[in-house]
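Asker: sequence unknown, structure follows:
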Ligand SMILES: [Zn+2]
Ligand SMILES: [Zn+2]
């Protein structure tokens, strides 16, 4: 029987009995044909490939990342907890060096879930990568993490969670927000004043093909990783950039995805979107698995693959090159941009409106962050959902300086004594790993 | 009356059972170079003075196939493989005459590229000219659509009489294992056919009119005709015989560990409510890995005659747990990393097995064994205690402890190892991934409440194993012929897989050559009814008596087929089996 060059862990949790609704793209058989392909290839018989059973994540694990409103139980189902638990199982096995790398093939996805979660957005309720990353930080003392989101949609949830965190390099490659949900992720969205440039958004024009994806990986992503020197690289491996995906307009292929994986060398890949369940997922997932295991994937080619039709137009290529140059310039100037973003000790405000398409909720946020040169800064968010609750949430970041710790508690106290009628007030104290609800 | 005969590595056991129980049992030495004579002498002794006309059932379990795999004595055969996207099929090469050809079927059973007639014709000639008689044909996803395998077979018919096809062996998806399984069937076919036809003819001459049944790896039986199509299924039937022999004594509604402790190896299996646990895909062990339905058994090289030696190894000063080299290990005994732990300390330790040099010292053998320790301690009678003591004294000196301590340590460690192998097996089964939220939350966990011991040295180990495991432990009566009793009583089993796709309007069971058209109103109940009918037919064809028929759904999945966000139909996937178990009417007196 076959042997892989790298020891690769897999969690396969297709949740064959869970759907948003019966004809929704996020439905029971989304991973059925992937399972068939993986089973038929005999993947689990390959010596060096290990299958793990997912765990359930606990409310405490979710509380390191999210403020769930009104609480964790109300907005998650068991399948969300198992999906996130699949990612944490792989992460633990990687951290304990039982495997070289791993892939959580789980559903439902998570990368549209933001720090405050009132319910489902873009098929996501809780952010499985972020919950996993915070578990890694908490249990294994890891500080610098890179998350490369290659799903076709802007990973706006993950982007929101790490917006202020200079220790997380978040890079999202996605179809241009003017042409696709959620309509964000433009090059100028670089992160908050404490973390400008550690969030890189790379919008790609419709009809970007394998060539364009790999160009951006080589020309922008790998150089940034090289400089950032993360301890762990996570790939949010959405597969809706495939040429057969019904929701998007790209021309990516299984070979391309396998090569991207070979270049990126993620320690952990987590499945996100991907709704071409027969034409793409079986082949793309197989390609990723073989690439992680450092095995030959040259024969993983879609039956209807047509090189001619999937060629990239020259104007698309030009546009990608320009975007890539813009990104590299931002990355180079990131410290300078942070300096310019405001003065140490000041509070900066941001107002946002967020729409939850899956659960039909409209949320208004007022966010206040302490500009800090010593940490990610104390953060306060006033959030009002309709229908829903009006809450105030305070986040003290994991490596907070003493001033920001104090600031966080002041924000919390002020909210408790304020004459505003908050339904709930939350304090997430990451250094103490505590979570208080009033 | 019924007969069970089990050919083992050193002995062949045969039993004659009646409604009143065990009438007669015989043991003859196994001559591996002439299994035919071994089987016949077993029958001769057993039937001496018996009216063979009264024998209604004969079940034989042999090591013929297992031996030919172990000794690499498989016949050269032709293997033709068509694939499609995925891992390069050339990596799954079996034997010298292995050909990968064009043609591809996808995961839903749709043709993606056709086979090339001329290419097959040419390969057919090449194989024939090499003097090869038997050919296997395997297509990727052939359980979803066997069209290409059938087309290739039709082209090969001109040159070959017997052709084995991939979709016939199992409804399970696993292309490399399908190749291995077809190769095994093809390569052992002529040997299997010659052997069993000879046995059958000879038994007929002796007046045994009952049809022969052959034991399979799943603890069930099949008749001669079925075995000619799937001769590979006889692999590893030895461990299966013992497990079936234990079922009668297993309590209902309990999880039971069956430990078959032999001279060299210990085989472990699990019974849940008197039914053996099966491997999920097929035989999972190293060189036997295939789609052949099999009992879930674990084997470890430890037994009464295992060689005992002293080795130098490391232990962890703090918790005692690390591997020989001083690396930290997890519960399954695997090193967590390549780093050596700081708290390691070198010690002299006992190593028991995995090898066997011969019988125990006390019985004139060449090396110290657990049997010697048991004889010295007075747990076991017989043998030369003096010889045992000499061996123990030598080891005691190396270890720097007394003879008594040495003997006790050997005995304890042997039992402890057996218990820990069983615990690890249970743990791994409980950790097996599941694919639905429901199964995840409701997941059945194996919790053994009783241990059944069988095999020669079993009685001497029982109380220590009970003490170490904390689980009630009993030794089977007639423990040394439990294997032959198991063979005699095993039910005829089989499995069917039914696929229904209401969008395409078809129900198919490729293994059974079954296709029917279905309407959009087809429901789960219809699918179950169809599957039961197919299973019944298959069981009868394999020689089953319907009064022992017990159907069980082992897998049921149903999915919506959605196109352009609209529901277009349903997919049902059903697997149903005749539950492995014992035939009725022989429940007394063993
Ligand atoms: Zn997406
Ligand atoms: Zn600070």
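Answerer: Nice, I can see it. Note that the structure is a prediction, hence the values are computed from the model and not measured. Ligands and ions are numbered 1, 2, ... in the order given.
Asker: look up the residues forming beta bridges with residue B:136.
Answerer: For residue B:136, the residues forming beta bridges with it (DSSP bridges) are residue B:79, residue B:164.
Asker: I'd like to know how many residues surround it.
Answerer: Taking other Cβ atoms under 10 Å in any protein chain shown as the criterion, the count of residues near residue B:136 is 30. For every residue, glycine as well, the C-beta is placed using N, CA and C.
Asker: residues contacting it?
Answerer: Contact partners of residue B:136, counting by Cβ atoms under 8 Å, 6 or more residues apart in numbering or on different chains, are B:77-80, B:163-166, B:179, B:182-183, B:185-186.
Asker: from residue B:80, how far out is it?
Answerer: The span separating residue B:136 from residue B:80 equals 7 Å under the rule Cβ to Cβ, to the nearest Å.
Asker: where does the residue in the stretch 151-300 of chain A that ligand 2 sits nearest to fall, helix, sheet strand or coil?
Answerer: Scanning the stretch 151-300 of chain A for the residue nearest ligand 2 gives residue A:194, at 8.0 Å (criterion: Cβ to the ion). State at residue A:194, reduced to three classes by DSSP: H, G, I helix; E, B strand; the rest coil: coil.
Asker: for burial, what's the neighbour tally of it?
Answerer: Close neighbours of residue A:194, defined as other Cβ under 10 Å, add up to 27.
Asker: and if you look at residue A:323?
Answerer: Using other Cβ under 10 Å, residue A:323 has 21 other residues around it.
Asker: how far off centre is stretch B:3-10?
Answerer: 16 Å (Cα atoms, centre = their mean, to the nearest Å).
Asker: can you check stretch B:197-205 too?
Answerer: 27 Å.
Asker: residues from the stretch 301-450 of chain B in reach of chain A?
Answerer: Counting by Cβ under 8 Å from any Cβ of the partner chain, the positions of the stretch 301-450 of chain B adjacent to chain A are B:330, B:334, B:336-337, B:431-438, B:440-441.
Asker: so of those residues, which ones are in helices?
Answerer: Among these, DSSP state H puts B:437, B:438, B:440, B:441 in helices.
Asker: the last one touches residue A:81, doesn't it?
Answerer: No: the pair residue B:441 / residue A:81 is not scored as a contact, 10.2 Å apart, by Cβ atoms under 8 Å.
Asker: low-confidence ranges in chain A?
Answerer: Residue ranges of chain A with pLDDT under 70: none are present.
Asker: could you chop it up by domain?
Answerer: Chain A breaks down into these structural domains: A:3-335, A:343-437 (assignment by automatic domain parsing).
Asker: endpoint to endpoint, the last one covers what distance?
Answerer: One end of domain A:343-437 sits 31 Å from the other (Cα to Cα, to the nearest Å).
Asker: could you confirm whether it reaches ligand 2?
Answerer: Yes: remark: domain A:343-437 sits within contact range of ligand 2 at A:372, A:374, A:375, A:401, A:404, by Cβ under 5 Å from the ion.
Asker: return the residues in contact with the first one.
Answerer: Contact criterion Cβ under 8 Å, 6+ apart gives A:194, A:344, A:345, A:378, A:401, A:403, A:404 as the residues in contact with residue A:372.
Asker: for residue B:542, find the nearest of the domains of chain A.
Answerer: Minimum separation from residue B:542 across those (Cβ to Cβ) falls at domain A:3-335, 26.2 Å.
Asker: and that closest one, end to end?
Answerer: Using Cα to Cα, the end-to-end distance of domain A:3-335 comes to 45 Å.
Asker: could you do stretch A:99-112 as well?
Answerer: Per Cα to Cα, stretch A:99-112 runs 28 Å from first to last residue.
Asker: ok, stretch B:359-367 next?
Answerer: 8 Å.
Asker: please state the offset of it from the chain centre?
Answerer: Here stretch B:359-367 shows a centroid-to-chain-centroid distance of 31 Å under the convention Cα atoms, centre = their mean.
Asker: tell me the buried residues in it?
Answerer: Of the residues in stretch B:359-367, those scored as buried under the neighbour-count criterion (16 or more other Cβ atoms under 10 Å in any protein chain shown) are B:359, B:360, B:361, B:362, B:363, B:365, B:367.
Asker: over to stretch A:20-37?
Answerer: A:25-37.
Asker: can you name the residues bridging to the nearest residue to residue B:141 once chain neighbours are set aside?
Answerer: Taking Cβ to Cβ, 6 or more residues apart in numbering or on different chains, and ignoring the residues beside it in sequence, residue B:141 has residue B:105 as its nearest neighbour in space, at 4.5 Å. The partner list for residue B:105 in beta bridges (DSSP bridges) reads residue B:111.
Asker: residue B:113 is in contact with residue B:105, correct?
Answerer: No: taking contact to mean Cβ under 8 Å, the distance of 9.1 Å between residue B:105 and residue B:113 leaves them out of contact.
Asker: circling back: can you give me phi and psi for the residue of the stretch 151-300 of chain A closest to ligand 2?
Answerer: Backbone torsions of residue A:194, given as degrees, to the nearest 10, read phi -90, psi -10.
Asker: quick check on the spatially closest residue to it that is not a sequence neighbour: phi, psi?
Answerer: For residue A:194, the nearest residue in space outside its immediate sequence neighbours is residue A:377; the separation is 4.6 Å by Cβ to Cβ, 6+ apart. Geometry field for residue A:377 lists phi and psi as phi 90, psi 140, criterion degrees, to the nearest 10.
Asker: who's in contact with residue A:377?
Answerer: Applying Cβ under 8 Å, 6+ apart, one finds that residue A:377 lies in contact with A:164, A:192, A:193, A:194, A:369, A:370, A:371, A:397, A:404.
Asker: and residue A:357, by the same measure?
Answerer: If you count contacts by Cβ under 8 Å, 6+ apart, residue A:357 has them with A:121, A:122, A:181.
Asker: what about the last one, distance to residue B:326?
Answerer: When distances are taken as Cβ to Cβ, residue A:181 and residue B:326 turn out to be 54 Å apart.
Asker: tell me the SS of residue B:74?
Answerer: Each residue gets one of three states, and residue B:74 gets coil by three-state DSSP.
Asker: hmm, I was thinking of residue A:80
Answerer: The local conformation at residue A:80, judged by three-state DSSP, is helix.
Asker: isn't it right up against residue A:131?
Answerer: No: the pair residue A:80 and residue A:131 does not pass the contact test of Cβ under 8 Å, sitting 9.9 Å apart.
Asker: give me the element residue A:393 is part of.
Answerer: If you go by DSSP states H and E, residue A:393 is part of strand A:390-396.
Asker: which strands and helices sit next to the very next helix or strand once past that strand?
Answerer: Past strand A:390-396, further along toward the C-terminus, the next helix or strand under DSSP H and E is helix A:402-417. Packed against helix A:402-417 by the contact rule (3 or more Cβ pairs under 8 Å, 6 or more residues apart in numbering or on different chains; DSSP states H and E) you find strand A:361-370, strand A:379-386, strand A:390-396, strand A:424-429.
Asker: coming back round to it: tell me which of the contacts of residue A:357 is nearest to chain B?
Answerer: Closest to chain B out of the contacts of residue A:357 is residue A:181 (15.4 Å), distances taken as Cβ to the nearest Cβ.
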